[in-house]
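Enquirer: Sequence unavailable; structure follows:
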């Protein structure tokens, strides 16, 4: 059974203080690792897809990386508007099932 | 601006009542997911469809939950009878193709009292 574990559960940063979120996964055959951002009262918003180990994607202050066992979401010089819950999900080879981790709640203080 | 539309946004109902949630996927997307989100469980997959056919509904309590896609523009999730433990936010998401990203609706917040 696919498993996705995110850490830490919660993270508080000062504005400008860079850090990383972790997503560890166990899947029979990876057909995509997805990062989403979720704001309170809203649905998850797609950020990145990574398909193979070594791949990296960037968007503004966010950079996602992938190895064979985990993915990192690096946040460089975060701003208060980056505060949200960040979710990681994996899709495995045999089907379209998309399995999510529990998320990391990020708070960036001004 | 293509988006997944869910109705209603909020629903308060009494225990034992039937609840129907609706989802309009993005036009052309052929895979539709239903998820339930609670503080305790995170995002929990209930069921998903491809080309309107149910592929997996193992996450749903079979005795009270049912999911259907009457046509390509409408997916429904029904709970009958509803129970307080069903209180959660229910999300629908749709995907173009098999391995690309899923786009989520804004969710239906269900409260069963």
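Expert: Arrived safely, thanks for sending. This is a predicted model, so every value here is computed, not measured. Numbers count the residues shown, from 1 in each chain, chains lettered A, B, ... in the order given.
Enquirer: Lowest mean pLDDT among the helices and strands of chain B, which one is it?
Expert: Lowest by mean pLDDT, DSSP states H and E among the helices and strands of chain B is strand B:53-56, with a mean of 90.
Enquirer: ok, residues contacting that one?
Expert: The contact list for strand B:53-56, computed with CB atoms under 8 Å, 6 or more residues apart in numbering or on different chains, reads A:95-97, B:45, B:47-49, B:67, B:69. Bear in mind the C-beta positions are built from the backbone N, C-alpha and C, glycine included.
Enquirer: Neighbour-wise, which one of these leads?
Expert: The most crowded member of those, judged by other CB atoms under 10 Å in any protein chain shown, is residue B:48 (25 neighbours).
Enquirer: give the contact list for whatever residue of chain A ends up closest to chain B.
Expert: When scored by CB to the nearest CB, chain A has residue A:43 as its residue closest to chain B, at 3.5 Å. Listed by CB under 8 Å, 6+ apart, the contact partners of residue A:43 are B:4, B:91, B:93, B:104-107.
Enquirer: swap in residue B:82?
Expert: Counting by CB under 8 Å, 6+ apart, residue B:82 touches B:13-19, B:64, B:110, B:112.
Enquirer: same question, residue B:48
Expert: Counted by CB under 8 Å, 6+ apart, residue B:48 has contacts A:96-97, B:31-34, B:54-56.
Enquirer: Residue A:48 now?
Expert: Residues counted as contacts of residue A:48 (CB under 8 Å, 6+ apart) are A:34-35, A:57, A:59, A:62, A:64.
Enquirer: That one bridge partners, please.
Expert: Here residue A:48 sits in beta bridges with residue A:35, as judged by DSSP bridges.
Enquirer: how much space between the residue most central in space within chain B and residue A:103?
Expert: Centroid-nearest residue in chain B, with CA atoms, centre = their mean: residue B:34, separated by 3.4 Å. Distance, residue B:34 to residue A:103, by CB to CB, to the nearest Å: 19 Å.
Enquirer: Residue A:38 now?
Expert: For residue A:38, the distance to residue A:103 equals 7 Å [CB to CB].
Enquirer: Next, show the common contact partners of these two.
Expert: By CB under 8 Å, 6+ apart, residue A:38 and residue A:103 have these common neighbours: A:85-87.
Enquirer: These in strands, which ones?
Expert: Judged by DSSP state E, strands contain the following of these: A:85-87.
Enquirer: Among these, which ones lie close to chain B?
Expert: Restricting these to those within reach of chain B (CB under 8 Å from any CB of the partner chain) leaves residue A:87.
Enquirer: between the ones in strands among the shared contacts of residue A:38 and residue A:103, which is nearest residue A:5?
Expert: residue A:87 (12.3 Å; CB to CB).
Enquirer: Excluding chain neighbours, what is closest to residue A:109?
Expert: residue A:14 (5.5 Å; CB to CB, 6 or more residues apart in numbering or on different chains).
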